[in-house]
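Engineer: Generate a structure from the sequence data that follows.
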Amino acid sequence: MNLTVLGASGATGLELTRQALARGHDVTAVARDPKRVAVPDSDRLIRVAADVRDPDSVARAVRDGTTVLSGLGNVDGSPPGVLIAGARALVRARPERIVWLGGFGTGVTAAAVGPLTRTLLKVVLKGDLEDKVAADTEVLAAGGTVFHAGPLTDGPLSDDRRALDVADVPRRLFPARVSRATVAAAMLDEAESGSHPGATVVPLDR
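Structural biologist: Here you go, the predicted structure:
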């Protein structure tokens, strides 16, 4: 498959890029500074510079017939509105499909966590919470799939990974942790299968 990884220089984007190459896919790794996409060179890898705040640069980076996997996230120092800008830029670029990374406990998964967690997320995320929900809504309306992951760890890829519909997620006081490797693998599974178009799913290690 032709896959495009947005935010490819970040921790999740790098994991998506590594695993996609390991599965034999052709990968376009998109980052503001493509030199920071720290994976070995490959004849199946293209590094491309683009900024989600410049929709034309994103459109140039998205090849015809590609599925886009987004590793974008809010990081300290990011200007407000990065996620919704990225989602809108991707939808405008009209890829084959979008597989988007969101946050568990926001938007449609808010009801799956306790009131304490919802309050904490509002305090910690502040304006980023609205950005996350708006970006998810944009992607879902375009038929993409949104992955709502709990707190990410650097643990190993789980052989028992699952991607559950929101209604099937066990209710917990705090979100279950999940390894970044497992999330990347679940997103790639979705890119390959297209099993959940227009839906939000939750990746779990087991």
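
Engineer: Give the next helix or strand downstream of the least confident helix or strand in the chain by mean pLDDT.
Structural biologist: Using mean pLDDT, DSSP states H and E, the weakest-scoring helix or strand in the chain turns out to be helix 115-125, at a mean of 70. Counting by DSSP states H and E, the element after helix 115-125 in chain order, helix or strand, is helix 127-141.

Engineer: Which residues does that next one contact?
Structural biologist: Taking Cβ atoms under 8 Å, 6 or more residues apart in numbering as the criterion, the residues outside helix 127-141 that touch it are 74, 80-84, 86-88, 90-91, 98, 100, 102-103, 106-108, 121-122, 125, 145-146, 198-200. The C-beta positions use only the backbone N, C-alpha and C, and glycine is treated the same way.

Engineer: Now with 7 Å, please.
Structural biologist: If you take Cβ atoms under 7 Å, 6 or more residues apart in numbering as the criterion, helix 127-141 is touched by 74, 80-84, 86-88, 91, 98, 100, 102-103, 106-107, 121-122, 146, 198, 200.

Engineer: In which helix or strand does the residue most central in space within the chain reside?
Structural biologist: Closest residue to the average C-alpha location of the chain: Leu101 at 2.4 Å, with Cα atoms, centre = their mean. Using DSSP H and E, Leu101 falls within strand 97-103.

Engineer: ok, which stretches of this structure are strands?
Structural biologist: 2-6, 26-31, 45-49, 67-70, 97-103, 145-149, 152-153, 162-165, 178-179, 200-204 (DSSP state E).

Engineer: now the ones you listed as TSV including distance to Gln19 and mean pLDDT?
Structural biologist: Below are the strands of the chain laid out as TSV (distance: least, Cβ to Cβ, whole Å; pLDDT from 0 to 100):
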stretch	distance to Gln19	mean pLDDT
strand 2-6	10	98
strand 26-31	10	98
strand 45-49	13	97
strand 67-70	10	98
strand 97-103	13	95
strand 145-149	14	95
strand 152-153	15	94
strand 162-165	15	92
strand 178-179	12	96
strand 200-204	13	95
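
Engineer: a markdown table for those, including distance to Asp131?
Structural biologist: What follows is the strands of the chain, written out as a markdown table (distance: least, Cβ to Cβ, whole Å):
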| stretch | distance to Asp131 |
| --- | --- |
| strand 2-6 | 15 |
| strand 26-31 | 19 |
| strand 45-49 | 23 |
| strand 67-70 | 13 |
| strand 97-103 | 10 |
| strand 145-149 | 14 |
| strand 152-153 | 18 |
| strand 162-165 | 24 |
| strand 178-179 | 22 |
| strand 200-204 | 16 |
